[in-house]
Structures are given as C-alpha cells and as structure tokens.
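[1] Here is my input; please provide its structure:
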Amino acid sequence: MDNLLEPARRPHRLRQCLSKTAIPVVLALAGLLAPQARAAQEASWPTRQVRIIVPYGPGGIADISARSIAQKMAENTGQPFVVENKPGADTRIGTEYVARMSGDSHILLLGGGGFAVNNALFDKLPYDTASDFIPVGLVVSNPLLLVTGIQQPYANLGELIAAAKNGETITLASGGNGTLSHMSMELLSAAMGAPITHVPYKGGSAHTSDVVGGRVTGIFENPSSALPVLRAGRYKAIAITSAARNPAMPDVPTVAESGAADFEVVNWFGLFAPAGVPEAAVERMAAALTQALQARDLRERFMRDGVAVGGPTTREFGRFVASETEKWAEVVRTRNISVDR
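    Numbers count the residues shown, from 1 in each chain. Here you go, the predicted structure:
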C-alpha cells in the first residue's frame, strides 16, 4: 500500500520544494517592485483624501484661503480635500502635528508668518522648519495696513512718528506677542528711531473697538479685516507695508515713502508637505496648487481685498521662506523680543 500511495505524495513534496525556493524569490521581487509601485502612485498624486491642516482658528484669511484652494483642488483632481483647523500655541500645535506625519503625501500644512518667526521666538520647538517640511508653494500674500481711529489727529505716518519723537505716547495693538502685527510695530520703531508702545491682545478682533474708540492709537492689520471698518468710516489708513502702493488702495502711501527706507512686511500663507514625501508627489502638489490659484472667481475674491494670489513654488518658495526666517530672527535679536514660554 505504501508504494501505491507514493505517487500521490510526490506532488505534495514538489510543492514543498517549490515553496521553499519561491518564497525568497517572491519576497525579493516584491522588494524590487515596491519602490516602483510607490513612485507610480506618488506620480499620480492624489490617490485618496488630502487633509490641509490650518494652525489658525476658523474665519481668518488663513482659513479662508485654505478652504478656497481645497475646493478648487478637489474639483480639479477628483479627490476630496478637507481643511482641519488646529490652532493654539502660536501655530505650533498644528505645525507640529504635520511635522510628525513624515512621508505622508496626503497631509499638508498651511503655514504663514508664524512659520518663519517662531524659530527665533521660541528656544525649543518640537520641529525644525528647515528639515521637517518641504515647501510646496505660496498661496496668498498681502501687505498690512497701518490704521488708526478716525479721531486720531495724525493725517499720515510722518505726523504719528513726529508725535512719538516729541514725547507723545503712541500705542500700537497686535494680535499677541510675536504676531506679524507686533513684529511690524517693532520693525517700524527701529527703522524710524521712534518709541512706540506695544499693546498685545489675544488674537481675533478684540482690538478693533479699542482702536476705533481711541484707547489705542492704531494697529498693523490685514486688509481683509481692516477694509470693512475703513469702509464703515471708523478707521483711517495712514500707511501700507508693501514696497509699492497697492492697486486696491492707491491713495494709501507706503511706509517706505513715509521715511522708513526699504521697509516692507508681507503677510503670507503657503503650503508645506511633511519631510520624506517623494519629489514627484511634491511636483504634483505644486502643479495642482498653481492650477487651483488660476481660477478667476478665486483670484477676484482675494484681489478685491488687496490680497495677491499665488507666487513661487517648491525651491523658489523655500528660498523666500528662508529669507523671511532670517529677517525676523534679526528683528527678534536686535529688539530683544521675548514671549511667554
């Protein structure tokens, strides 16, 4: 009987031998093909839902710009783009969240001025902006308006600075220590050699009633926030921080025109991917962003408020961010700016 059963056993033994030989071969092939498969997938980015993390609260220009591009990118790529607000700790919470997602090409950060300023403000960040992120592209940018309440006697920036130098108390509000409105005030004070008192608020629009009511002299504010108050006749704009006059506000002189040579402050927001994302995916991201920003309705929506749409991508955008980081680090150092840690 044993001999009769022997032929039936042979295929089983053959399969065992083949299995012992084939498994290493299959594993080796899988190892060779996996990078190629991943590269092909990244070259066709996005292949699933993309999350855009906004380290600011809802309703501001950061949130609005993220939702605007998310809608257009979803329409153009056929994949959903979801915006998630993760505010707090001077944008560090949301920024750290993305930094921890190394290699994930389906999560993006909408970073702004805080991305460049925080390196100098905080002794120990839980991330490195230079090595933990890959620049994708500039989304929107705008100058700030220096506005005062209409009851203030200063017709222009020159008069305000002269008053400060003559001993009058000039106070400028901000959204908090280390915010761009605060940094702009410090840069102006240094450039003009004029004493200006900083009055920090806890973000949002808490400062508006105090500026309108004259309890604070003024503030450097985003046009999107300032223009409705200006149009209501409760603010007056005495300077703008762009290098040239803004077409949306041609009658407002620049700070540089008013005596602070080369003064320029840009409020910007751009997309970043976490480190480790393949270059092919980053290029796809940049192309998708550029396409989204070409939408006429999106551009018109922002340009009405003096906000520029689009700009450099990938490496060129990275150079811009590096220059902003260096600029604000110098201001923090020379003005001895500190924040609560």
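[2] Do a quick rundown of the strands in the chain.
    50-54, 81-85, 107-112, 133-142, 145-149, 171-174, 197-200, 218-221, 235-240, 267-274, 308-309 (DSSP state E).
[3] Please produce JSON lines containing those, extended by mean neighbour count and distance to Q291.
    For the C-beta atoms, the positions are set from N, CA and C on the backbone; glycine is no exception. Below are the strands of the chain laid out as JSON lines (neighbours: other C-beta atoms under 10 Å; distance: least, C-beta to C-beta, whole Å):
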{"stretch": "strand 50-54", "mean neighbour count": "22", "distance to Q291": "14"}
{"stretch": "strand 81-85", "mean neighbour count": "18", "distance to Q291": "13"}
{"stretch": "strand 107-112", "mean neighbour count": "27", "distance to Q291": "15"}
{"stretch": "strand 133-142", "mean neighbour count": "25", "distance to Q291": "11"}
{"stretch": "strand 145-149", "mean neighbour count": "25", "distance to Q291": "31"}
{"stretch": "strand 171-174", "mean neighbour count": "22", "distance to Q291": "36"}
{"stretch": "strand 197-200", "mean neighbour count": "16", "distance to Q291": "39"}
{"stretch": "strand 218-221", "mean neighbour count": "28", "distance to Q291": "31"}
{"stretch": "strand 235-240", "mean neighbour count": "24", "distance to Q291": "30"}
{"stretch": "strand 267-274", "mean neighbour count": "24", "distance to Q291": "13"}
{"stretch": "strand 308-309", "mean neighbour count": "20", "distance to Q291": "12"}
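[4] Looking at those, which is nearest to V255?
    Smallest distance to V255 across the strands of the chain (C-beta to C-beta): 4.8 Å, for strand 235-240.
[5] Tell me which residues touch A120, please.
    325, 328-329, 332-333 (C-beta atoms under 8 Å, 6 or more residues apart in numbering).
[6] Who wins on neighbours among these?
    Using other C-beta atoms under 10 Å as the neighbour test, those are led by W328, with 25 neighbours.
[7] That one: what's its closest spatial neighbour, skipping adjacent residues?
    Here the nearest residue to W328 in space, its sequence neighbours aside, is V117; by C-beta to C-beta, 6 or more residues apart in numbering that works out to 4.6 Å.
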